[in-house]
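1. Okay, here's the prediction I keep looking at, along with the sequence it came from:
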Amino acid sequence: MAVTQTRLRHKGGIPPYGLLLLPAVGFMLLVYAYPFVSSVITSFVSPSGGLSLVNFQKTIDLYLKDIVFTLLVTTSNTVMILVAAIMFAVYLRMSDTAVSRLLSHIYKLGIFIPFVVVAQMMRSFLAPHGMLNVALAQLGLINIDRPLQLFNYAGLTFGFMWKLVPFAVLIVHGGFQMIDNSYLEAARSTGARLFHVVTRILVPMNKSSILVATVLVYAQIVSTFTLPYMLIGGKIPTTITVDIAHRVNYFRDFGVANALGVVSYVFVLVTAVYYLKNSMKQHQGKKVKEVVHA
Amino acid sequence: MNRPLTLILAMLVVAGTLFAGGSSESSDQTRLVYMTAGDTNMLALGQNVLGPQFTAEHPDISLMTIHTGPGNAGSQRIFEKLLAESESNKESWDVDVAMVHQIFMKWAMEKDLLMPFAKDLDTWQYVTSPFAKSSLGVDITGYAMPMFHSQTALAFNPEYVKNPPKTFEELEQWVKDHPGKFGYNGIKGGMSGVSFTVAWVYWKTGNYEKYAVTGPFEQSEVDSWEGAFKDLAEFNKNVTFTSGNVGTLDALNRGEIWMGPVWVDMFFTFMNEGKLDPQTRMILPAPGMPGQPMYFVIPRKARHPEAAKKFVEFVTSPDVQAREIVQRFNWYPGIDGSYLKDSIPQETFDKVYGDVTPEDLQKYGLAFPIADYFDAMLESYERWIH
């Protein structure tokens, strides 16, 4: 069988199943690869048309603080979301009560609510005289004349966690459920406490799905426009996505907008490369094991 | 021939006759394609108000409204559509008439995408606004017909603000005395904040005429703004930043801020819908704040230019301007307000022109700067204000 396939490939240049791949690959190239490449190229084209670095110069000149802010928001929120998600997923995995069963259904709601709705919700919930502050004032915890100011990093973090923790839990909890109870029981019977069960058994055995959740959460935060726009759009600093919209809407300046885009690609590429490397390593590890077994 | 095949053929024939009938019928009726930028209220205006009323008057023309989205981005989509049609060398273009923002006029005039039509209209005689002749420094006479005019002003809560500032000097002092009680949305959160920033530069430099009317663009002017923006940065320290145009109105309504720049039409709409404390008032401080019209334009190769002209004429007639533009949507009319007096109840006239009088508008209703200065102001804000 292997021999026939090799022969076919040699004869026609493209193997016959290459034709079957064509629609899918063509679609990917047209819809993902082409805009990506053209965006990177445009970022190096100056307003007068030549190749240059002016767009990046302007980006650094005007938006360095926003780039730093975006990186800070993204990394810190990813960490917080992952920690919260792992804790919640552990609870769902280890506990089997009516409450945990109910929670395991309810928590998924957030996943189906779009960012724009979350943003509108947060805009009135977190406002100086919004629901949260009024409730805290009623409880006597704050003075409503000096309310908590939440249209900033804190509010943004709250919004991202509200929306993305459930999403991360879905992935991480799925992984936890694949781990057989016998491991947990074995650990328990040799005296491991919950903390050790989590850090020595659950998390290490579930590394791949936690990694997937990290990459997806991180990429979503980098690319979200509505939440920062509606919460802290007019403030300084703000996120890269708001700046991109500003460059396009007010200046039709696709050069700087794309340069900002390239910065966000770099942000995401870092995690993507890490993820790919890791999954390659795992893949290779498996292969080595197979060879050893053979 | 087997039965399924016969059946399919029969269905095709029936469908063919039906569609053929349909198209022959619609050829009697002109379908006007109307593309509009702006908030969703612009879609509602076209679809539910102007379309049906226009068709009632002209049964042979129907209106199809297409909405492209709010702000300059909405106008940009219309521009891209027209540019694509122009570059494809099509003989007749899909869009018959469009509703656009000021910046669109600069883009479209540069690419020669528009038809000069406004002077052919019966209603052109009612147009007195300087905005109909020039848009951000570009001469547009004849290429655009203003449908309405929007103005920004300072809204304030009279419970806390007994003597609202009549000038920007007084405003600066008031904000110093009441830290955190003045709110606006910066320049990336919507046009009311942009308008306030532009007004600030006009006030600090005193060069409104050069920046908005006469020009020319000179880099030395831009270089002289550092002080003005440093002052604004200082001013910003005592300001509450709101989350957008709507955010400012919401914050006023909730009592978080006592004063802030708003669009007059949004102010009235919020009030009519019960989303704003009815006591809230407005003032247009000296030396003034910018406003902007939205324009009707007809693409250079529109399929139905004559029907499109009829439509624009209909909407800019004193009757429709009074009933729909002023009374229903709370905008200032695109044509001269004096032609509407008879068509509007005194009560409405007093409300719309109550806080901001026609004289205020005449004196303090400014234009946005010409495009190069406009870009420079927005970029200077980003450069100087950290």
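-> Structure received. This structure is a prediction, so every number in the text was calculated from the model and none was measured. Numbering: from 1, shown residues only, chains lettered A, B, ... in the order given.

2. now the helix or strand harbouring A:Leu170, how far from the chain's geometric center?
-> In the assignment (DSSP states H and E), A:Leu170 maps to helix A:153-178. Centroid displacement of helix A:153-178 relative to its chain, using CA atoms, centre = their mean, to the nearest Å, is 10 Å.

3. From the contact counts, what lies against that helix?
-> Where contact means 3 or more CB pairs under 8 Å, 6 or more residues apart in numbering or on different chains; DSSP states H and E, helix A:153-178 is packed against helix A:54-94, helix A:115-125, helix A:207-223, helix A:226-232. Yep, even glycine has a C-beta here, placed from its N, CA and C like the rest.

4. Using JSON lines, please lay out these together with mean pLDDT.
-> Shown next, in JSON lines, are these (pLDDT from 0 to 100):
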{"stretch": "helix A:54-94", "mean pLDDT": "95"}
{"stretch": "helix A:115-125", "mean pLDDT": "93"}
{"stretch": "helix A:207-223", "mean pLDDT": "93"}
{"stretch": "helix A:226-232", "mean pLDDT": "92"}
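
5. most packed of the ones you listed?
-> Of those, the one with the most neighbours on average (mean count of other CB atoms under 10 Å in any protein chain shown) is helix A:226-232, at a mean of 25.

6. Is it in proximity to chain B?
-> Yes - for helix A:226-232, a contact with chain B is found by CB under 8 Å from any CB of the partner chain, at A:229-232.

7. How far away from the center of its chain is that helix?
-> Worked out by CA atoms, centre = their mean, helix A:226-232 lies 17 Å from the chain centre.

8. Are the next helix or strand after it and chain B in contact anywhere?
-> Going down the chain from helix A:226-232, the next helix or strand is helix A:240-251, by DSSP H and E. Yes - against chain B, helix A:240-251 shows contacts by CB under 8 Å from any CB at A:242-243, A:245-246, A:248-251.

9. could you say what helices and strands helix A:240-251 packs with?
-> Short answer (3+ CB pairs under 8 Å, 6+ apart): helix A:240-251 packs on helix A:54-94, helix A:226-232, helix A:254-293, helix B:71-87, helix B:371-384.

10. before we move on, back to that, could you figure out how far the helix holding A:Leu170 is turned away from helix A:54-94?
-> For helix A:153-178 against helix A:54-94, the angle by axes from the mean of the first three to the mean of the last three CA atoms, to 10 degrees is 50 degrees.

11. Name the residue of chain B with the shortest distance to chain A.
-> Using CB to the nearest CB, the single residue of chain B nearest to chain A is B:Gly186, 2.7 Å away.

12. Kindly list the main-chain dihedrals of the closest residue to that residue other than its chain neighbours?
-> Nearest residue to B:Gly186, sequence neighbours excluded (CB to CB, 6 or more residues apart in numbering or on different chains): A:Gly234, at 2.7 Å. Torsion angles at A:Gly234 (phi, psi; degrees, to the nearest 10) stand at phi -90, psi 0.

13. Does A:Gly234 touch B:Asn185 like I think?
-> Yes - with contact defined as CB atoms under 8 Å, A:Gly234 and B:Asn185 form a contacting pair (4.0 Å).

14. Name the residues contacting each of the two.
-> B:193, B:241-244 (CB atoms under 8 Å, 6 or more residues apart in numbering or on different chains).

15. Between those, identify the one with the most neighbours.
-> B:Thr242 (32 neighbours; other CB atoms under 10 Å in any protein chain shown).

16. roughly how far apart are that residue and A:Leu231?
-> 11 Å (CB to CB, to the nearest Å).

17. so who does B:Ser75 touch?
-> Residues in contact with B:Ser75 (CB under 8 Å, 6+ apart) are B:37, B:68, B:100-101, B:103-104.

18. Now render the helices and strands packed on helix A:240-251 as a markdown table, adding distance to A:Ile111.
-> Compiled in a markdown table, the helices and strands packed on helix A:240-251 are given as follows (distance: least, CB to CB, whole Å):
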| stretch | distance to A:Ile111 |
| --- | --- |
| helix A:54-94 | 12 |
| helix A:226-232 | 15 |
| helix A:254-293 | 21 |
| helix B:71-87 | 28 |
| helix B:371-384 | 36 |
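
19. Out of those helices, flag the one nearest A:Leu132.
-> helix A:226-232 (13.5 Å; CB to CB).

20. Looking at the residues of helix A:226-232 next to chain B, which is nearest B:Phe374?
-> Checking these against B:Phe374 by CB to CB gives A:Tyr229 as the nearest, at 21.1 Å.

21. who's in contact with the closest one?
-> Counted by CB under 8 Å, 6+ apart, A:Tyr229 has contacts A:119, A:241-242, A:245, B:188-189.

22. same deal with B:Tyr202?
-> Taking CB under 8 Å, 6+ apart, one finds B:208, B:211-212, B:287-288, B:366 in contact with B:Tyr202.

23. which one of those residues is nearest B:Val315?
-> B:Leu366 (25.5 Å).

24. just to revisit the earlier point, and whichever helix or strand comes after the helix holding A:Leu170, what's buried?
-> Following helix A:153-178 in sequence order, the next helix or strand is helix A:181-189 (DSSP H and E). Across helix A:181-189, burial judged by 16 or more other CB atoms under 10 Å in any protein chain shown covers A:184, A:187.

25. Now helix A:181-189: average pLDDT?
-> Regarding helix A:181-189, the rounded mean pLDDT is 90.

26. coming back round to it: next, the angle helix A:115-125 makes with the helix holding A:Leu170.
-> 130 degrees.

27. Do a quick rundown of the helices in the stretch 201-350 of chain B.
-> Assigned helices in the stretch 201-350 of chain B, in chain order: B:208, B:219-223, B:226-236, B:244-253, B:264-272, B:305-315, B:318-320, B:346-352 (criterion: DSSP state H, counting those that start in this stretch).

28. Tabulate those helices (CSV), appending distance to A:Ile201.
-> Formatted as CSV, the helices of the stretch 201-350 of chain B follow (distance: least, CB to CB, whole Å):
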stretch, distance to A:Ile201
helix B:208, 71
helix B:219-223, 64
helix B:226-236, 53
helix B:244-253, 48
helix B:264-272, 57
helix B:305-315, 71
helix B:318-320, 74
helix B:346-352, 70
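
29. Tell me which of those helices lies nearest to A:Thr70.
-> helix B:244-253 (19.8 Å).

30. State the distance from B:Phe229 to B:Met64.
-> For B:Phe229 relative to B:Met64 (CB to CB), the value is 46 Å.

31. Of these two, which one has the most company?
-> Between B:Phe229 and B:Met64, B:Phe229 has the larger neighbour count (other CB under 10 Å), namely 22 against 13.

32. State the distance from the more buried one to B:Thr242.
-> Relative to B:Thr242, and taking CB to CB, B:Phe229 is found at 20 Å.

33. for B:Trp225, same thing?
-> 24 Å.

34. what do you get for B:Asp112?
-> For B:Asp112 relative to B:Thr242 (CB to CB), the value is 40 Å.

35. before we move on, what about A:Gln284?
-> Taken as CB to CB, the span from A:Gln284 to B:Thr242 is 54 Å.

36. B:Thr197 now?
-> Applying CB to CB to B:Thr197 and B:Thr242 gives a distance of 14 Å.

37. Which segments of the chain make up each domain?
-> This is for chain A. A:1-31, A:54-293 (automatic domain parsing).

38. should've been chain B
-> Taken from automatic domain parsing, chain B resolves into B:29-149+B:292-353, B:150-290+B:363-384.

39. Adding mean pLDDT, write these out as TSV.
-> TSV is the format used below for the domains of chain B (pLDDT from 0 to 100):
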stretch	mean pLDDT
domain B:29-149+B:292-353	92
domain B:150-290+B:363-384	93
